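Asks: Show me the folded form of this:
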Amino acid sequence: MANESKGIRINPMYVVAIVVVVVIALCAAYLVLGASPVVAAGDIINVSYTGSFTNGTVFNSNVGGTPLQFTVGAGQLIEGFDQGVVGMHLNEQKTITIPVNEAYGEVNPALIVPVPSNSFKNQTMQVGMTVSTISDGQQEDGIVTAVNKTTVLVDFNSPLAGKTLVFTIKVLSIKKG
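Replies: Numbers count the residues shown, from 1 in each chain. Take a look at the predicted model:
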């Protein structure tokens, strides 16, 4: 008995029709299920983050704690963080490096203030102590950087001033603004 081969012929129009139906179904599913939202200015978002210096030392994190909520582009956070989340998707995680000028700026020598030792009354001042003052109704905290018999040098710059910062950020929720 001879080996006969029976080929199946499919009309090319059917193949095209099947491809078109599959593409339409995928597009419909995308629209119905919703695209992953993307962070834009004006959105209220919740994020988890870990902030570190370029050497890897962590200075702050809320991972496992209360999420950070803010309105994107409202100036509530440092510029580099605010801009760094724009374009991120829900549940996306990324690491951004923020240069000094988009973070807390350079150290301002004018904010390193000599204070007469007798201003602290009977308190013994030591390097590393935090001191507070009220200026224009706002509390300002500074770090004692040097002490001698007559003067206490207090630095009112942010402890993060002059530093490049690295943040690993995860978008936890997006409320479109």
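Asks: mind giving me the domain ranges of the chain?
Replies: 44-105+161-175, 109-132+142-155 (automatic domain parsing).
Asks: winner for burial among those?
Replies: Ranked by mean neighbour count, the domains of the chain are led by domain 44-105+161-175 with a mean of 15 (mean count of other Cβ atoms under 10 Å). Using the backbone N, CA and C atoms, a C-beta is placed for each residue, glycine as well.
Asks: least reliable of the domains of the chain going by mean pLDDT?
Replies: If the domains of the chain are sorted by mean pLDDT, domain 109-132+142-155 sits at the bottom with a mean of 93.
Asks: Quick one: closest of the domains of the chain to M13.
Replies: domain 44-105+161-175 (38.7 Å; Cβ to Cβ).
Asks: chain center to the closest one: distance?
Replies: How far domain 44-105+161-175 lies from its chain's middle: 1 Å, per Cα atoms, centre = their mean, to the nearest Å.
Asks: Quick one: end-to-end distance for that domain.
Replies: Start-to-end span of domain 44-105+161-175 (Cα to Cα, to the nearest Å) is 5 Å.
Asks: Same question for stretch 40-56.
Replies: Stretch 40-56: ends 29 Å apart by Cα to Cα.
Asks: give me every residue that touches G105.
Replies: Applying Cβ atoms under 8 Å, 6 or more residues apart in numbering to G105 gives the contacts 161-162.
Asks: Now the residue most central in space within the chain: which helix or strand?
Replies: Central residue of the chain (Cα atoms, centre = their mean): F81, 4.3 Å from the mean position. Remark: F81 resides in helix 79-84, with elements defined by DSSP states H and E.
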